[in-house]
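Peer 1: Below are the sequence and a predicted model; questions follow.
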Amino acid sequence: MFFQSPPEHKLRMPTAAEALPGRAEPLPTSGTHAVLGTPIKPPFPAGLQQIIVGMGCFWGAERLFWQLDGVYTTAVGYSAGLTPNPTYEEVCSGLTGHNEVVLVVFDPEVLPLEELLRVFWESHDPTQGMRQGNDQGTQYRSGIYVSDMAQRALVETSKARFADALQAAGKGAVTTEILPATTFFYAEPYHQQYLHKNPGGYCGLAGTGVCMR
């Protein structure tokens, strides 16, 4: 099958002057997780942690995490870009700078962050830059967006461990960006828990076959 390369601007982050203006009001979205029955918006129960991850198309990534024991809720959205309250179409234009991401709210007593990160690293290819498989563009980049410095320290350690494992397997360098979490803009209702609502829908998740050491 032939896949056409995206326009060059979709493979680089837009400048502030290029970014779409967006809107002041958030997009309407779901309130309750269609699988877990939990709220997808804060406030969340005390003792839970939040982390935001990007690993390609957010449909399959969200399903991956809602299936894990210890996950309280998940939601898909847009983050790490420039445009306020973007639509899906705007994000796909490459002119918002946002990544397609999953908000994961979890109980660290049941699901330690180290285990959550193992699932993250092993379930996609973090060496591909602005793409994941045939999905190409800035919104498909690998990224982890942390809530605090303690999370960041654990994430950096896990990244180094997986980078060593990739190198030993002859794979490329890790391109995953690790940044403090900024505003998480919730995606439209039809994207939330998409693969539960559409079991035969597209899922582009594919790991490298390398396991975390």
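Peer 2: That came through fine.

Peer 1: hey, let's count contacts and neighbours off CA atoms from now on
Peer 2: Will do.

Peer 1: What ranges does this protein have for its strands?
Peer 2: 49-55, 71-79, 99-106, 131-132, 135-136, 142-146, 177-180, 185-186 (DSSP state E).

Peer 1: for this protein, which helix is longest?
Peer 2: With secondary structure taken from DSSP state H, the chain has its longest helix at helix 149-168.

Peer 1: Of all the strands of the chain, which one is nearest residue 37?
Peer 2: Of all the strands of the chain, strand 71-79 sits nearest to residue 37, with 8.4 Å by Cα to Cα.

Peer 1: could you give me the average pLDDT of the closest one?
Peer 2: Averaging pLDDT along strand 71-79 gives 98.

Peer 1: can you tell me which residues contact the residue positioned nearest the centre of the chain?
Peer 2: Centroid-nearest residue in the chain: residue 54, 2.0 Å away (criterion: Cα atoms, centre = their mean). Residues counted as contacts of residue 54 (Cα atoms under 8 Å, 6 or more residues apart in numbering) are 61, 99, 100, 101, 102, 140, 141, 142, 143, 144.

Peer 1: Quick check: of those, which has the highest neighbour count?
Peer 2: The most crowded member of the contacts of residue 54, judged by other Cα atoms under 10 Å, is residue 101 (33 neighbours).

Peer 1: Just confirm residue 167 contacts residue 173, I think it does.
Peer 2: Yes. The pair residue 167 / residue 173 is scored as a contact, 7.4 Å apart, by Cα atoms under 8 Å.
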